[in-house]
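In: Need coordinates for the following:
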Amino acid sequence: MGLENWSPEGALTTRVEELLNWGRANSLWPMPFGVACCAIEMMGTLSSRYDLSRFGAEAIRFSPRQSDLMIVSGRISLKMLPVLQKIWEQMPEPKWCISMGACASCGGIFDTYAMIQGIDRFVPVDVYIPGCPPRPESLIDAVIKIQELVKLERLDSHA
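Out: Prediction:
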């Protein structure tokens, strides 16, 4: 790289952003919101066979104030929706969301008055995982996609 393309404006800020985003991407703290079958696959992803810790996301937190990634897995009923929204609101910025499985993403086979037909109507979803239930490899792929999103974050985007 030649010095003709080097510009001092923003050089330090860019490097600090890259370092912070690298740290965030490789130390995600998931908040599991597992209410049905998909939660079993989420637990399987944490086992030694699939080892989600290879991607820096093994520190599962059951406190929304300590989490930056919500994984919603399973069907969400109307009675459970306020709980989901309250947990999402309590999570600090920046935060991301994975919708795991057909039920969380679009209601799945539960097209009834008591079930939410997709959580994206109530909380912003960054990555959708299809399947009923999706395999652990799909959750690992979704975490990798979240890491790619985190690496593109700007410092001023959450101010």
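In: Confidence-wise, which helix or strand of the chain is lowest on average?
Out: Lowest by mean pLDDT, DSSP states H and E among the helices and strands of the chain is helix 11-25, with a mean of 77.
In: Could you identify the helix or strand that succeeds that helix?
Out: Once the chain leaves helix 11-25, the next helix or strand it forms, by DSSP states H and E, is strand 30-34.
In: Give me the contact list for the helix or strand following that next one.
Out: With elements assigned by DSSP H and E, the helix or strand that comes after strand 30-34 is helix 37-45. With Cβ atoms under 8 Å, 6 or more residues apart in numbering as the test, helix 37-45 has contacts from 32, 34, 50, 52, 71, 73-74, 100-101, 103-104, 132-136, 139-140. Using the backbone N, CA and C atoms, a C-beta is placed for each residue, glycine as well.
In: Can you point out the buried residues in helix 37-45?
Out: Across helix 37-45, burial judged by 16 or more other Cβ atoms under 10 Å covers 37-39, 41-42, 45.
In: Distance from it to the middle of the chain?
Out: 15 Å (Cα atoms, centre = their mean, to the nearest Å).
In: that older thread, the contacts of helix 37-45 in helices, which ones?
Out: Here DSSP state H is the test, and the contacts of helix 37-45 give 103-104, 136, 139-140 as lying in helices.
In: Would you show me how to pick out the buried ones of those residues in ChimeraX?
Out: The following ChimeraX line selects those of the ones in helices among the contacts of helix 37-45 that are buried, judged by 16+ other Cβ under 10 Å:
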select :103,104,136,139,140
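In: can you tell me which two in the ones in helices among the contacts of helix 37-45 are farthest apart?
Out: The largest separation in these, counting by Cβ to Cβ, is between 103 and 140 at 19.9 Å.
In: Now the buried members of the contacts of helix 37-45.
Out: Buried among the contacts of helix 37-45 by 16+ other Cβ under 10 Å: 32, 34, 50, 52, 71, 73-74, 100-101, 103-104, 133-134, 136, 139-140.
In: tell me which of those residues is nearest to residue 149?
Out: Closest to residue 149, out of all of these and judged by Cβ to Cβ, is residue 71, at 14.4 Å.
In: in the sheet, who's paired with the nearest residue to that closest one once chain neighbours are set aside?
Out: Distances taken as Cβ to Cβ, 6 or more residues apart in numbering place residue 98 nearest to residue 71, at 4.7 Å, with adjacent residues excluded. Beta-bridge pairing for residue 98 (DSSP bridges): residue 71, residue 127.
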